[in-house]
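J.: sequence first, predicted model second:
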Amino acid sequence: MPLHVLMDCRMLLGRFSGVARFVMSLANEFARRDDLRVTMLCGNDPAPTGLLNSQISTVTTDFRKADRTPIRRLFWEKLRLPEIVRDINPDVFHATWNHGVPPASIVPSVLTIHDLIPWRERQDTAWEYVAYLVYHRSMRTSFRRAREIVTVSNFVQSDVRAILGGWKAIRTIHNGVGHLKDDSPKSSDQVGRRPFALYVGGHEERKNIAGTFAAMQSYWATYPEPLELWLTGDQDSLSPSAARAFQQIRDRGLIRFLGNSNDEALKQLYESARVLLMLSYDEGFGLPAAEAMAHGCPVIVSNRASLPEIVGDGGILVSPEKPKEVATVMHSLIHDPQQRARAIAHGLQRSKAFSWKDAASAYVEAYHRVAARHGARHENTTQTVANFASRRIHHSAS
């Protein structure tokens, strides 16, 4: 019988983040296997689109977008999640979203931790401090309950060991990178436009969009050429520091906000951009950098957090606080044909280290390990109870 795994897919509500791409990519790999039966635990929206195999079943719950806040999520996971998992009764529960592990007595769980970034974020208000305490409690409880802990990078693993403790075995399974599908012709909106640098991701403070704007300002001041900056997301979602930096840019017509971009649009963006900029202060993995390398786009990334580990020699590492240095590197990478060719070749080679197929296989092994340990523990408990009962009966007879 195939192993029955229940995957937590509630994060598919809302913006399609890196964690959402992680879940959908794993689900599509699982759909190709006949040794696994997967049920996706979803929120109250319709079943997610983009699955390669409709045989993967989905369960709709009463989890809403409003429940994504730390406090509401904690209460939902405490009050509703155990009941739902108990009713479905899988062999293994995969908590894919940093926490949300139900009590271990229900089913054995694998927990994926993508980062511990909220541990380092400032709490400027009482509400932010309360949210931090709730997150703190949720992470520690899930860490304690999970039968196996997986992190998406060695950097995150070190973080987890330092903050949550090294008393548990923790494995690193890197995210994968696949060539994004694109069945459509090149968009006329991109063909023939001026060259552009690209940013893909969210706009939180840690993403250092303000530093990206500063690097572009330095570029425009030093090299009078029409290089644009294209960013996923919209202006209204900029962090406070990025919003201030944006208002100080004189020629804001060189900046274009792209909104939410699907796989087809991202593929075109990676293949059309002159360079990807990712000057984050903190990242758990850095999927856009890996995806850009896989699509032949040179990358310039921060020398912080997980990015050196993921990019390796496939990109150029820079200090996120030195916009002039970033501008110089960017100009050289765009205009030096030999350096550009080397960067593309190294990036393509480096991206081969990340495979969703390999990641899925590693997770399947983890599922089987925790299921086997759970079965052995159940057998031992049953035998212990039987032996105790036998001794009691023998004692009574005597």
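T.: Yep, it's here.
J.: how about the helices in the stretch 51-200 of the chain?
T.: If DSSP state H, counting those that start in this stretch is used as the criterion, the helices of the stretch 51-200 of the chain fall at 70-79, 81-88, 126-145, 154-163.
J.: might one say that residue 195 is in contact with residue 226?
T.: Yes - Residue 195 lies in contact with residue 226 (Cβ atoms under 8 Å); the separation is 7.4 Å. For the C-beta atoms, the positions are set from N, CA and C on the backbone; glycine is no exception.
J.: still on that earlier bit, any chance of the helices of the stretch 51-200 of the chain in JSON lines, plus distance to residue 42 and mean neighbour count?
T.: Shown next, in JSON lines, are the helices of the stretch 51-200 of the chain (distance: least, Cβ to Cβ, whole Å; neighbours: other Cβ atoms under 10 Å):
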{"stretch": "helix 70-79", "distance to residue 42": "13", "mean neighbour count": "17"}
{"stretch": "helix 81-88", "distance to residue 42": "11", "mean neighbour count": "15"}
{"stretch": "helix 126-145", "distance to residue 42": "20", "mean neighbour count": "16"}
{"stretch": "helix 154-163", "distance to residue 42": "25", "mean neighbour count": "18"}
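J.: out of those helices, which is closest to residue 33?
T.: helix 81-88 (19.6 Å; Cβ to Cβ).
J.: distance of the residue lying closest to residue 226 once chain neighbours are set aside relative to residue 229?
T.: With Cβ to Cβ, 6 or more residues apart in numbering as the criterion, residue 226 has its nearest non-adjacent residue at 4.5 Å, and that residue is residue 194. Applying Cβ to Cβ, to the nearest Å, the value for residue 194 to residue 229 is 11 Å.
J.: the two: which has the busier surroundings?
T.: Comparing residue 194 with residue 229 by other Cβ atoms under 10 Å, the one with more neighbours is residue 229, at 23 against 9.
J.: tell me if that one really is in a helix.
T.: No - under DSSP: H, G, I helix; E, B strand; the rest coil, residue 229 sits outside any helix and is assigned strand.
J.: dump the residue contacts of it.
T.: By Cβ atoms under 8 Å, 6 or more residues apart in numbering, the contact list for residue 229 reads 196-199, 212-213, 216, 254-256, 277.
J.: can you give me the neighbour number for residue 247?
T.: 10.
J.: phi, psi for residue 6 please.
T.: Note on residue 6: its backbone torsions stand at phi -100, psi 120 [degrees, to the nearest 10].
J.: dig out what it forms beta bridges with.
T.: In this entry, residue 6 is beta-bridged to residue 39, residue 93, by DSSP bridges.
J.: in this structure it contacts residue 88, no?
T.: Yes - using Cβ under 8 Å, residue 6 is in contact with residue 88, at 5.6 Å.
J.: shared neighbours, the two?
T.: Common neighbours of residue 6 and residue 88 (Cβ under 8 Å, 6+ apart) are 39, 41, 59.
J.: cheers, nothing more for now.
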